[in-house]
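> I'd like to go over a predicted model; first the sequence, then the structure.
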Amino acid sequence: MSTEATKTEVGSYFISNYPPFSQWTSDAIGDLQAALARPAGSTSQGALQNSSEGTGVPPLGLYLHIPFCRKRCKFCYFKVFTNVNAESIERYVSALCQEISLVARQPIMQGRQFRFVYFGGGTPSFLSVKQLQSLLERLHQYVTWDGAEEVTFECEPGTLSEPKVKALRDLGVTRLSLGVENFSDAILEENGRAHLSKEVFRAWEWIQAAAFPNVNIDLISGMVGETWDNWRENIRRTLELSPESVTIYQMELPFNTVYSKGLLQTQGDSPVADWQTKRDWVRYAFEVFQENGYSISSAYTVVKDPKKVSFSYRDNLWRGSDLLATGIASFGHVGGVHYQNVPEWDRYLGMILDENTLPLGRAYTPTKHQMLIREMILQLKKGWLDLSYFKEKFDTNIFEQWRDVWDGYANEGYAVLPESDVAPGSQIRLTTEGLLRVDGLLPAFFEPQFRNVRYT
Ligand SMILES: C[S@@+](CC[C@H](N)C(=O)[O-])C[C@H]1O[C@@H](n2cnc3c(N)ncnc32)[C@H](O)[C@@H]1O
Ligand code: SF4
């Protein structure tokens, strides 16, 4: 994340929430427990109800974290475990089901349906067909997602088989997201990926045959070893597959990756391309995808047919929905309170299976102003902000409130400002240059006390 810094240094990060995770504490867990114990739609004093439809009850999503991977990629910063035996996986799946049975009983859950479901990781597709079927059978004793408009499932290509892909469709997955990252076997190997390109092509046939409404491909701009020639080839091959959407991340080096740890030890030069080069690669990809009929849907995503494909998880989350987070180290937001589950394996399993308690680790109750900042910085990742949305929901004119920041971004060529900030439909828009560095533009909206703190 950077506007000006040229090198990709250790410690860069991707902004996905506000206030920063480092500010969440175990002291606030009581607030979360109180929120869970209230019926949906009622709030504690000062908390903001994020109803988008005037019902008083915000949309609700379910996130399930499956933390297993075949190998740890050298760039990855997620909570993952490798070399886990079948018995431990079974214990984890049992804990996850029990966790869901515990939350399903909470007053805040009563009478609510899941609008969207997200199996993330780690690698959810690491689970076998049998493990998946058993997980879902057990989960459906406590919750259903019959009414959900989107069920996403993240996959690593080499973990897929034809029966597994079919099973995912039969189990109700509507959006399959495939971690391709790159098509060069040398680059995949260098970066510690467990799969090679032939596994992508093999899996693609099964995925096409299963007819998911939406298939997304993940790519990373700036894998170690990336070159212009290879990047052009990545985009050409992705277009050939013609997925409904493509997500392109710019490589970050947070502190906990294998590459970052090595760099901190050796004090050597970053092996990752500088920010300008990574942005040039994404700009090139955006241009070529647009020439081929795709539209830009956010700083990271292009979509083939915006009328057909929506992003329920992303769009609801960025408009302040509730997200019930389950699984080790998961992040969620319920009843006006942010929270994260405990990240330690033994503690997560022990709290659920031995103590029959929710594995809550840390929490934070944002103020109304902090919820406004959170929604504004997340929605800015789409490239535009609707002024009337913020006026209606937060009674704030975000253009006036941060006028100096917007003027600065407009002068630098990153933003286009509205002629009137009160006319219906008025928007603040980012230029492509702004969109390509959006994560670097966001800390300027943070409250002063959070500007120089560690993010995670
Ligand atoms: C949970 S993984 C997706 C599923 C599966 N684990 C896989 O990798 O195929 C989510 C995505 O995060 C992205 N990612 C992981 N580490 C990253 C980093 N350091 N910088 C940018 N993107 C990263 C990758 O594109 C990856 O596909
Ligand atoms: S990028 Fe995906 S496969 Fe690689 S370690 Fe991270 S979660 Fe696992």
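Arrived safely, thanks for sending. Ligands and ions are numbered 1, 2, ... in the order given.

> how about the contacts made by Y364?
P19, Q23, W24, T25, A28, V337, H338, Y339 (Cβ atoms under 8 Å, 6 or more residues apart in numbering). (Each C-beta comes from the backbone N, C-alpha and C, glycine too.)

> ok, the host helix or strand of F119 near ligand 2 or not?
Using DSSP states H and E, F119 maps to strand 116-121. Yes. Using Cβ under 6 Å from any ligand atom, strand 116-121 reaches ligand 2 at G121.

> which of the contacts of Y364 are buried, as a ChimeraX select command?
To isolate the buried members of those in ChimeraX, using 16 or more other Cβ atoms under 10 Å:
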select :19,23,24,28,337,338,339
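
> pLDDT, distance to G408 and secondary structure for the contacts of Y364 - can I get that in CSV?
Listed next are the contacts of Y364 as CSV, based on pLDDT from 0 to 100; distance: Cβ to Cβ, whole Å; DSSP: H, G, I helix; E, B strand; the rest coil:
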residue, pLDDT, distance to G408, secondary structure
P19, 96, 23, coil
Q23, 94, 26, helix
W24, 97, 30, coil
T25, 96, 33, strand
A28, 97, 34, helix
V337, 97, 33, strand
H338, 97, 29, strand
Y339, 98, 34, strand
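
> beyond the strand holding F119, next helix or strand please.
Next in sequence after strand 116-121, counting helices and strands by DSSP H and E, comes helix 129-139.

> quick check, A329 in a strand?
No. Using DSSP: H, G, I helix; E, B strand; the rest coil, the assignment for A329 is coil, not a strand.

> list the contacts for it?
Here A329 is in contact with H65, P67, K79, Q340, N341, V342, P343, Y348, G361 (Cβ under 8 Å, 6+ apart).

> buried subset of these, written for PyMOL?
The PyMOL selection below is limited to those of those classed as buried (16+ other Cβ under 10 Å):
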select buried, resi 65+67+79+340+341+342+348+361
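
> list the residues that contact L435.
I296, A299, G383.

> show me which residues of the stretch 251-400 of the chain are close to ligand 1?
Near ligand 1, when you scan the stretch 251-400 of the chain using Cβ under 6 Å from any ligand atom, you find M251, E252, T257.

> out of these, which sit inside strands?
Nothing among those maps onto strands, per DSSP state E.

> closest to F331 out of those residues?
Nearest to F331 among these, counting by Cβ to Cβ, is E252 at 16.9 Å.

> now the closest one: how far from S16?
11 Å (Cβ to Cβ, to the nearest Å).

> what's the answer for E355, then?
Using Cβ to Cβ, one gets 30 Å for the distance from E355 to S16.

> compare neighbour counts for the two and give me the winner.
Remark: of E355 and S16, S16 carries more neighbours, 16 against 9, as counted by other Cβ atoms under 10 Å.

> for this structure, give me the ranges with low pLDDT.
Scanning the chain for pLDDT under 70 picks out 1-5, 43-55.

> could you list the domains of it?
If you go by automatic domain parsing, the domain ranges for the chain are 21-318, 369-450.

> distance to G11 added to those domains, as JSON lines?
Shown next, in JSON lines, are the domains of the chain (distance: least, Cβ to Cβ, whole Å):
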{"stretch": "domain 21-318", "distance to G11": "6"}
{"stretch": "domain 369-450", "distance to G11": "13"}
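
> thinking again about what came up before, tell me which of the contacts of A329 fall in helices.
Using DSSP state H, the subset of the contacts of A329 located in helices is Y348.

> and which of the contacts of A329 is nearest K393?
Q340 (25.0 Å).

> would you agree the closest one is in contact with L358?
No. Using Cβ atoms under 8 Å, Q340 is not in contact with L358; the gap is 11.9 Å.

> next step: the contacts of L435 restricted to strands.
Taking DSSP E, the ones among these that sit in strands are I296.

> make a markdown table out of the contacts of L435 and add distance to F445.
Listed next are those as a markdown table, based on distance: Cβ to Cβ, whole Å:
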| residue | distance to F445 |
| --- | --- |
| I296 | 22 |
| A299 | 15 |
| G383 | 16 |
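
> now, among the contacts of L435, which is nearest to ligand 2?
Within these, proximity to ligand 2 (Cβ to the nearest ligand atom) peaks at A299, which comes in at 19.4 Å.

> and the residue of the chain closest to ligand 1?
For the chain, Cβ to the nearest ligand atom, closest residue to ligand 1: G179, 2.0 Å.

> what packs against the helix or strand containing that residue?
Take DSSP H and E as the rule and G179 turns out to sit in strand 175-181. Helices and strands touching strand 175-181, by 3 or more Cβ pairs under 8 Å, 6 or more residues apart in numbering; DSSP states H and E, are strand 150-155, helix 197-210, strand 214-221.

> can you tell if the first one touches ligand 2?
No. Under the criterion of Cβ under 6 Å from any ligand atom, strand 150-155 makes no contact with ligand 2; the nearest approach is 7.7 Å.

> strand partners (parallel or antiparallel) of that strand?
Partners of strand 150-155 in the sheet, by DSSP bridges, are strand 116-121 (parallel), strand 175-181 (parallel).

> now do the last one against strand 214-221, angle only.
Inter-element angle recorded for strand 175-181 and strand 214-221: 20 degrees (by axes from the mean of the first three to the mean of the last three Cα atoms, to 10 degrees).

> what does this protein put close to ligand 2?
Contact residues (Cβ under 6 Å from any ligand atom) of the chain with ligand 2: C69, R72, C73, C76, F78, V80, G121, G122, T123, E156, G179.

> now do the contacts for the nearest residue to L387 once chain neighbours are set aside.
Sequence neighbours aside, S426 is the residue nearest to L387 in space, at 4.5 Å (criterion: Cβ to Cβ, 6 or more residues apart in numbering). S426 makes contacts with D386, L387, S388, F399, P418, E419, S420, as judged by Cβ under 8 Å, 6+ apart.
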